[in-house]
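K.L.:
Predicted model follows, preceded by the sequence.
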Amino acid sequence: MEIEIKKLYWMIKKDALTLWRHKPRLISMYLFPILMIVLFGYGMGGELKHIPTVIVTESHGHLTDNTISAIKKIDIYDVKDVTSDVNKAKNMVKNGKVKAAIILPKNYENYNENRTVTVYVDSSDQIASESIIQATKAIFTKIQTESMIKEMKNIQLVMHGVQPTGFNLLGMINVDIKKAYGDIRYIDFLTPGILAMTVMMACMFAMGATIAGERERGELPRLFMTPTNVSTVLIGKILSRLTLETGRALVLLFCAIILFSVSVKGNILLVILLLVLTALCFIGLGIMISGRVETQEDYSQIVMPIAMPMMFISGVFYPIETMPWIFQKIAYLLPLTYANLAIRSVMLKGASLGTIWPYIAVLIGYTLLFFVLGVKGFRRDM
């Protein structure tokens, strides 16, 4: 088989020129792999640091001060407050202001008594709570060990006829774990995020790709030449996709409940409402993007660098706190983050509509923005 080198060169040049004329496709081809490697490098498996924590001191003295200082020096903690009010600290955990409260008991300074330090954690964040528990146990094991070494030295002094100051029989320090929302497994933490992510991916890829494909084939302009107005066309497409994707998410939810005993502590109707709102939001995003591309391939190339990083940054698989601070800031600009927070709050914490309304307000805001910009993109097809 003879290969014509000159014609081969022109074929390669033709494809290169075609790609050059489609700038969004060209940019996304190189941007997407860079984004993915950065996200995997800095996000996946990252070390948890600076977890918001409150310390409760029901005692005062040298040991209490040293313990607070030791906790503050460890990177995993970000001590937001030191208080003597136990109820205030527990409410801070329940309201999401901190992930854990470390409660030092009233007899903490009594070396000759057994003491129980309570760690009250937000168990809805399974990864963060486990990290806090392990780190806190390690701290008090170290404090106990240092106290034992000190007392052993005191015993040696007594044996040599020297009476040390502050010599006591040594009591134990126990760590008691209290979970604000009971035992929550990783599958319980993961399921709300998977629900939101599934809705996002399906709505963005299916809705937008359909519209972009119809424009590429010339079907969309012909459709607008009929007596049907743009509102009817859009609402019809939105309702059909909304019904399909909400149904798919509900199947996934009930499978998780039946197969893995995933708990829904809040109102399941509120979960369904949030899934519908999430679907509307990302249908709007798909319409907005599709209104600005010419072909289905262009749409796919643009959506991938948006959808995939959003999936990793928004806290679907692991806490946002594991990421560098710049990614944490970006996460709170993404609609998927608020969908995750809202659905997770209802399913794991039993949150009510009054509690999660800020997340709902953000989702509604994004939905309106996407639809307004999306409808403007359709004007050129009319």
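P.N.:
Received, thanks.

K.L.:
in what helix or strand does the closest residue to His50 other than its chain neighbours lie?
P.N.:
The spatially closest residue to His50, leaving aside those adjacent along the chain, is Asp78, at 4.0 Å (CB to CB, 6 or more residues apart in numbering). C-beta here means a position set from N, CA and C on the backbone, and glycine is covered the same way. The secondary structure element spanning Asp78 is strand 77-83 (assigned by DSSP states H and E).

K.L.:
Then Thr278?
P.N.:
Thr278 is part of helix 268-290 when elements are defined by DSSP H and E.

K.L.:
Could I get the buried residue list for that helix?
P.N.:
270-271, 274-290 (16 or more other CB atoms under 10 Å).

K.L.:
State the distance from Pro305 to Met311.
P.N.:
The span separating Pro305 from Met311 equals 12 Å under the rule CB to CB, to the nearest Å.

K.L.:
again, but for Ala196
P.N.:
In this structure, Ala196 and Met311 are separated by 10 Å, where distance is defined by CB to CB.

K.L.:
which of those two has more neighbours?
P.N.:
When Ala196 is set against Met311 and neighbours are counted by other CB atoms under 10 Å, the residue ahead is Ala196, at 31 against 19.

K.L.:
Run through the residues that contact that one.
P.N.:
Applying CB atoms under 8 Å, 6 or more residues apart in numbering, we find Ala196 in contact with 275, 278, 314, 316, 336, 339-340, 343.

K.L.:
Give me the subset of those residues lying in strands.
P.N.:
Helix and strand membership here follows DSSP state E; of the contacts of Ala196, not one is in strands.

K.L.:
Looking at these, which is nearest Asp183?
P.N.:
Ile343 (19.8 Å; CB to CB).

K.L.:
Put the alpha carbons of stretch 306-319 into CSV.
P.N.:
Taking C-alpha atoms only, stretch 306-319 is exported to CSV below (Å, rounded to 0.1, in the frame of the first residue of the first chain):
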residue,chain,number,x,y,z
ILE,A,306,-15.9,22.2,34.0
ALA,A,307,-17.7,19.1,35.3
MET,A,308,-14.8,16.9,36.3
PRO,A,309,-12.9,19.4,38.4
MET,A,310,-16.2,20.4,40.0
MET,A,311,-16.8,16.8,40.9
PHE,A,312,-13.5,16.6,42.8
ILE,A,313,-13.4,20.0,44.4
SER,A,314,-17.0,20.1,45.7
GLY,A,315,-16.6,17.6,48.5
VAL,A,316,-18.2,14.6,46.9
PHE,A,317,-15.6,12.0,47.8
TYR,A,318,-13.5,13.7,50.5
PRO,A,319,-13.8,16.8,52.8
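
K.L.:
Good, wrapping up.
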